[in-house]
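*Asks:* I'll drop the sequence and a predicted model, then ask my questions.
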Amino acid sequence: MTGPGVVRFFYGPMDCGKSTLALQIHENQVRQGRRGVLMTRLDRSGPARISSRIGLSSPAIELTDELDLVATITAGGAVDYVVVDEAQFLTPAQVDQLGVVADEYGAHVFAFGIATDFRSILFAGSARLFEIADQVSPVQVEVLCWCGRTARFNGRVVDEQLARQGPTVLVADTEPDPAAGDGRARYQVLCRRHYRSGQLAPNPTAPADV
Ligand SMILES: Nc1ncnc2c1ncn2[C@@H]1O[C@H](COP(=O)(O)OP(=O)(O)O)[C@@H](O)[C@H]1O
Ligand SMILES: Cc1cn([C@H]2C[C@H](O)[C@@H](COP(=O)(O)O)O2)c(=O)[nH]c1=O
């Protein structure tokens, strides 16, 4: 199928509802009989699923660096739409392949991901999406820092300290995992002020220190 394909990138910090939105868009496409492909990479719930904290989840193709997305998406015939979650983990070449799927095959591509890593540096996949997508939209639901300000920073917390260095990819949740040891990383969304200072909670001895 050829036609007006499009690449749309929805971005936002962890826990703002990206996977929920991805699954809602998929649902609305399916209801109208449109044929689609769901893809993800390194979902917290395990491989080959898109899962939302609201409780929705759906099987999806698990991506790897080596996978050619044009071949993967078109393998089963024509597709009307593609939903890609955790798109920050795509390689720039794979993002370009999404552009081919939109332009040459007429598919509507909906990509979802966090823009920046724990160092507040753009992920390679997200950077390429900002560069080539037809439309980029912040997810509308705000997540908040502990101080009440809007949180745009994805802080990585290790041993209750904000990490400033480490591997770019480290799959973990915003909630501590009770099954894991104390040193296990978690993420905490923060406003810029508290991302810069590394303060993760109110200071009990200085209540006004926000
Ligand atoms: N019981 C609930 N009722 C309403 N909203 C919820 C509930 N549990 C989680 N959420 C919302 O789900 C959102 C996280 O959704 P999710 O799709 O997992 O986010 P993301 O993919 O961006 O990390 C949060 O905004 C949170 O407020
Ligand atoms: C900031 C940051 C995040 N990650 C991982 C952590 C999670 O597994 C996902 C994001 O999940 P969500 O659906 O947006 O909640 O990305 C990472 O590997 N490296 C980072 O720097």
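*Replies:* Thanks, I have it. Ligands and ions are numbered 1, 2, ... in the order given.

*Asks:* So this structure: which segments form each domain?
*Replies:* For the chain, the structural domains run 6-138, 142-210, going by automatic domain parsing.

*Asks:* which of these sits most buried?
*Replies:* Of all these, domain 6-138 carries the top mean neighbour count, a mean of 19, counting by mean count of other CB atoms under 10 Å. The C-beta positions use only the backbone N, C-alpha and C, and glycine is treated the same way.

*Asks:* Measure how far that one is from the centre of its chain, please.
*Replies:* Centroid separation for domain 6-138 versus its chain: 8 Å, with CA atoms, centre = their mean, to the nearest Å.

*Asks:* hang on, isn't residue 40 packed against residue 86?
*Replies:* Yes. With contact defined as CB atoms under 8 Å, residue 40 reaches residue 86; the gap is 5.2 Å.

*Asks:* returning to that earlier point: got the domains of the chain as CSV, with mean pLDDT columns?
*Replies:* Shown next, in CSV, are the domains of the chain (pLDDT from 0 to 100):
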stretch, mean pLDDT
domain 6-138, 98
domain 142-210, 90
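
*Asks:* a markdown table please, covering those and showing distance to ligand 1.
*Replies:* Formatted as a markdown table, the domains of the chain follow (distance: least, CB to the nearest ligand atom, whole Å):
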| stretch | distance to ligand 1 |
| --- | --- |
| domain 6-138 | 3 |
| domain 142-210 | 6 |
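
*Asks:* Enumerate the residues of the protein near ligand 2.
*Replies:* For the chain, the contact set with ligand 2 under CB under 6 Å from any ligand atom comprises 14-15, 18-19, 44, 114, 117-118, 154, 156, 168-172, 187.

*Asks:* and which of those is nearest residue 66?
*Replies:* Set against residue 66, the nearest of the residues of the chain next to ligand 2 by CB to CB is residue 169 (15.8 Å).

*Asks:* tell me which element the closest one is part of?
*Replies:* Under DSSP states H and E, no helix or strand contains residue 169.

*Asks:* Strands of the protein, start to end?
*Replies:* Here the chain has its strands, by DSSP state E, at 6-11, 36-40, 49-51, 57-59, 61-62, 81-84, 108-113, 135-138, 153-158, 161-162, 186-190.

*Asks:* Identify whichever of these lies nearest to residue 25.
*Replies:* strand 108-113 (5.3 Å).

*Asks:* center of the chain - which residue?
*Replies:* Most central in the chain under CA atoms, centre = their mean is residue 113, positioned 2.4 Å from the mean C-alpha point.

*Asks:* mind checking how far residue 101 is from residue 84?
*Replies:* Distance, residue 101 to residue 84, using CB to CB, to the nearest Å: 10 Å.

*Asks:* Overlap in contacts, these two.
*Replies:* residue 109 (CB atoms under 8 Å, 6 or more residues apart in numbering).

*Asks:* Many thanks, have a good one.
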